[in-house]
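**Student:** following is a predicted model, sequence given first.
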Amino acid sequence: MNVLAATLRKLGAMAIDGVWGLGFASRFFLAVLRYSGQSFRRLPLTIREIYFSGVLSLLIILVSGLFVGLVLGLQGYDILQRFGSSDALGVMVSLSLLRELGPVVAGLLFASRAGSAVTAEIGLMKTTEQLQAMDMMAVNPLARVVAPRFWGGVISMPLLAAMFSAMGIFGGWLIGVVAIGVDDGAFWSQMRAAVDFRYDVLNGVIKSFVFGVAVSWIAVFQGYDCQPTAEGVSRAITRTVVYSALAILALDFVLTSFMFRGL
Amino acid sequence: MNLSVSNDPNAPLVRLEGVRFAYGEREILRGVDLTVHRGQVVAIMGGSGCGKTTLLRLIGGQLRAGSGKVEVDGQNLGRLSTDALYAMRRRMGMLFQFGALFTDMSVFDNVAFPLREHTDLPDELIRDLVLMKLHAVGLRGAQSLMPSELSGGMARRVALARAVALDPMLMLYDEPFAGLDPISLGITGQLIRRLNDALGAASIMVTHDVHVSLGLVDYVYFVSNGVIVAQGSPEEIRASVDPFVRQFVDAEADGPVPFHYPAPPLESLLDGVTA
Amino acid sequence: MSRATLDLWVGLFVALGLAAVIFLAVKVGSYSSVSRSSSYSVRASFDDIGGLKVRAPVKSAGVVVGRVGSIRLDQKIYRAIVRLDINEDYKFPADTGASILTSGVLGEQYIGLNPGGDEEVLKKGDRLQFTQSAMVLEKLIGQFMFNKAAEPPAPAR
């Protein structure tokens, strides 16, 4: 009986902590939005963060996109040629990239490359009292440090996902058309006939935008909220990567069920 | 929002009345009264963890008192809106324990930071002002270095230049002497005094370095267990017979401040009886 | 890093990202395909739509001219009502017929439009008069067997 009560109590404490944490993170999110004006009035601040989140993630995104496309081309060809429809390789590669793999894999890579870096930077600024010093100089760290990093991530992510998908389709084309010898015309024309801009391309962009908001939010929050010690920062970075991955996969399910319902 | 300098020049710049503060259940300050006048350099001393840094944060408006009143230049900090508090902080400078320089900016950009954020001055004027401030701390030649290339003492002097960039009326120092070699320590102490007199400001420093501070400050408060246990001018402190002050000034291991953190007697543990 | 280099890199990055989106829109997806603003919808009822799905293509002479907008069952007559969203650029005579066809043997089902000879053209909200239901494989086989059984046995020698 005692064990049961203790377990229930632990569960209750976890639930309360969880709700409290989520509420705190939401208030933080609203505060970041409130102090976002400066990020757009002083564009150089945001441009700098686009450089760190976006440009520096370019290499990993492009290389991964290419390899994912190559693998999709090989696997897709192997499956499709069993049904005598290897001409549809372009359709398979492009749809799986645009709808799912592009936003999701790019989001996961973005979380581990850029999200963790943002958490580490903000966490270290907190640990070394730089955020406090800024606050004492009457400069709001939310407006000066957090908001530009948040928006830099939100802007970078859809662009990275689009590049990932484009690179992946190129990879699929390399394997399918150049290496295996699927007809070039059929590859592209079947793809164009099957892929719809609004349903497939635009929905993919919307997904990647939502993932960008989620990952950037988690990253800046974990950095800002971390314990100001070396261990605290390293834990915050771990949490950023883990929570981002969970958020991306869960949101992907929710968004997919809304977007492609009735198909 | 009325932030004009109060009319009476003799009115205290900082006044704390019956200030209490607690982190959750843990009470840090239990009724502190303290006054600082313009032109004064005041030291707040006490052992580690006695609540003196908390006191500094209350004066800087980073924390709000649980009860009692914190007044700076006639304004009750507890009642100020965020904007008004920020307006007040533009006239304060704070030196953090390890400088807290922005590691992604050069020395020059660090000192220029408050000027660029709060003024619309042209670049040439900002450059001149920054070089003047750096010259005052003797580091004009280090303007293009990054914070990672500075020694601890130099970093603190750069941080000092940054803190006085906007010519504050109140300077707050958090452990300005911690971890400095004797030369840097002397330089920093002199700078604090000189800058205070040049700016006509008031300075409050939290420290446990008795001997340097006593040679430099106008008034000393001793904090222990969340209350002011002794106060006075440096001469009065040196002559004091108060057991706490004596323990502190003479650096004795045991006295009113116990060597042991409160614990059950050692014997009970050796007997295998846990508390 | 100087301001100018930073701006250059970010500019390049944004341009590359936009280029990727445009590539996906133009080269991969069919941007010109029916979007809701430039289409008109007509209705057609079928006895049996087989495996027809929403957003299946509507073709005429093999050219995609629209998409299936919605499918529902009319509770009074127990027939499927299919809404066809046809691109504004394509006009069809009012007596155009619609039939549900299959691309290949096992491919997806689509609607084929067979233009009639009427002077008037189809307008928004019109109902197609002539429709032909989907070929359902089971029914075809059943019919074939039935016909076989009904045939008189081959004359014995």
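**Tutor:** That came through, no problem. As the structure is a prediction and not an experimental result, all values here were calculated from the model. Numbering: from 1, shown residues only, chains lettered A, B, ... in the order given.

**Student:** give me the number of residues near residue 113?
**Tutor:** Let's take chain A. For A:R113, the count of nearby residues is 18 (other Cβ atoms under 10 Å in any protein chain shown). All C-beta spots, glycine's among them, are computed from the backbone N, C-alpha and C.

**Student:** could you do chain C instead?
**Tutor:** Residues near C:L113, counting by other Cβ under 10 Å: 25.

**Student:** give me the element it is part of.
**Tutor:** Per DSSP states H and E: C:L113 is located in strand C:109-114.

**Student:** check which element follows that strand along the chain.
**Tutor:** Counting by DSSP H and E, the next helix or strand C-terminal to strand C:109-114 is strand C:130-132.

**Student:** what about that following strand, distance to the chain center?
**Tutor:** Computed by Cα atoms, centre = their mean, to the nearest Å, the chain-centroid distance of strand C:130-132 equals 15 Å.

**Student:** strand partners of it, parallel vs antiparallel please.
**Tutor:** Take DSSP bridges as the rule and strand C:130-132 pairs in its sheet with strand C:97-102 (parallel).

**Student:** isn't C:L16 up against A:A166?
**Tutor:** No. The criterion here is Cβ atoms under 8 Å, and C:L16 misses it with A:A166 at 9.3 Å.

**Student:** those two: who's more crowded?
**Tutor:** A direct count of neighbours by other Cβ under 10 Å for C:L16 and A:A166 places A:A166 higher, at 27 against 18.

**Student:** my guess is the more buried one contacts A:G65, does it?
**Tutor:** Yes. Using Cβ under 8 Å, A:A166 is in contact with A:G65, at 7.5 Å.

**Student:** common neighbours of the two, please.
**Tutor:** Counting by Cβ atoms under 8 Å, 6 or more residues apart in numbering or on different chains, A:A166 and A:G65 have no contacts in common.

**Student:** how close does the closest residue to C:G50 other than its chain neighbours get to B:R90?
**Tutor:** Take C:G50 and drop its neighbours on the chain: the residue closest to it by Cβ to Cβ, 6 or more residues apart in numbering or on different chains is C:A134, 2.9 Å away. For C:A134, the distance to B:R90 equals 76 Å [Cβ to Cβ, to the nearest Å].

**Student:** equivalent analysis for C:A20, please.
**Tutor:** C:A20 sits at a distance of 45 Å from B:R90 (criterion: Cβ to Cβ).

**Student:** any idea how far the residue of chain C found nearest chain A is from chain B?
**Tutor:** Closest residue of chain C to chain A, Cβ to the nearest Cβ: C:G17 (2.6 Å). According to Cβ to the nearest Cβ, to the nearest Å, C:G17 and chain B sit 25 Å apart.

**Student:** just give me the neighbour total for that residue.
**Tutor:** Residues near C:G17, counting by other Cβ under 10 Å, number 22.

**Student:** check what pLDDT residue 137 gets.
**Tutor:** I went with chain A, as the question did not name one. In this model, A:M137 is scored at 89, pLDDT.

**Student:** I was after chain C.
**Tutor:** The per-residue pLDDT reported for C:L137 equals 73.

**Student:** count of residues packed around it?
**Tutor:** So C:L137, with other Cβ under 10 Å, has 12 neighbours.

**Student:** the more surrounded of C:A20 and B:R90?
**Tutor:** C:A20 (24 against 18).

**Student:** and the one helix or strand in chain C whose mean pLDDT sits lowest, which residues are buried?
**Tutor:** Here the helix or strand of chain C ranked lowest by mean pLDDT, DSSP states H and E is helix C:137-150, holding a mean of 80. Residues of helix C:137-150 include none that count as buried (16 or more other Cβ atoms under 10 Å in any protein chain shown).
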